[in-house]
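1. Give me a 3D structure for the following:
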Amino acid sequence: MSSVDLNNISSQVAVFLQIERTTLQDVWLAWTVIEPPAAGLLALSGDTPAFDKLDANIAEARDASKRDLMRYADLSAGFSLIILQHCGNNTLRLLASLIFDIIRKQHEHITERTLSRASVDRLRQNCIRNREEAVQLMRSGDGAAVERFWHVHLERMRDLVLSAYKAPATFDVLDQPPR
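-> Prediction:
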C-alpha cells in the first residue's frame, strides 16, 4: 500500500463530482464497469488469502443481516472493495478507492430507506448467495465466468437500488441523503 493518503484525494473527487451534479446512476455505471473485470482478474490470480477475506466478509454480512443492517450495508460495500484491493491492478484499485466512500454512503442510505421492508431481507439473502457464488467462481479460476456473473449481479443491484429514488439522484458529500 502506498504512503499517499487517498482519503483527502477521494474527498476532493467527491466534491468535484457533486459540483458537477453527478448522479448516483453515473457513479453506479462507473462501478459496474470497474468491478466485474477486477473480479475476473482476482479469479485469474488464484489469491487464496483474498478469497478467504471475501468468505469472512460474507460470513460477517450474513450475521449482520440479522442483527445490524447498517453494518450489513458497510460489509456489502466492503466486499467490493476487497475485490478491487486484491485484483492485482493498481489503476483499478486507485479508481475504486476514489469513489468507494460514495458507494459506501449510498449503501447506507438505501439501507436506511428500506429498513422496514420485509421483501428487502429476501434481497439481502439473495445478495449473500450471489457473493458466495462469485467467490466459488473466483476460486475455480474462471475469470471470464466470474466477470460475466458479477456484471449481471451489479446491474441487477444497480437497477433495484436506483429504483428506490423517484428521479435521478445527485449525491451530497456532506452525508445528506441523495436528492
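
2. Buried residues of the lowest-mean-pLDDT helix or strand in the chain, list them for me.
-> Ranking every helix and strand in the chain by mean pLDDT, DSSP states H and E puts helix 90-113 at the bottom, with a mean of 82. For helix 90-113, a neighbour-count test (16 or more other Cβ atoms under 10 Å) marks 92-93, 95-111 as buried. C-beta here means a position set from N, CA and C on the backbone, and glycine is covered the same way.

3. Over to stretch 31-46?
-> Per 16+ other Cβ under 10 Å, stretch 31-46 contains these buried residues: 31-32, 34-45.

4. Okay, helices next: where are they in the protein?
-> Along the chain, counting by DSSP state H, helices occupy 6-19, 24-45, 48-67, 69-85, 90-113, 118-140, 143-162.

5. chain center to the second one: distance?
-> When you say that, I think you mean helix 24-45. 9 Å (Cα atoms, centre = their mean, to the nearest Å).

6. Show me what that helix is packed against.
-> helix 69-85, helix 90-113, helix 118-140, helix 143-162 (3 or more Cβ pairs under 8 Å, 6 or more residues apart in numbering; DSSP states H and E).

7. And for the third one?
-> In this structure, helix 48-67 packs against helix 69-85, helix 118-140, with contacts taken as 3+ Cβ pairs under 8 Å, 6+ apart.

8. which stretches of the chain have low pLDDT?
-> 1-3, 115-118, 166-179 (pLDDT under 70).

9. now for the least confident helix or strand of the chain, which elements pack on it?
-> Using 3+ Cβ pairs under 8 Å, 6+ apart: helix 90-113 touches helix 6-19, helix 24-45, helix 69-85.

10. who wins for proximity to residue 150 among these?
-> helix 24-45 (4.4 Å; Cβ to Cβ).
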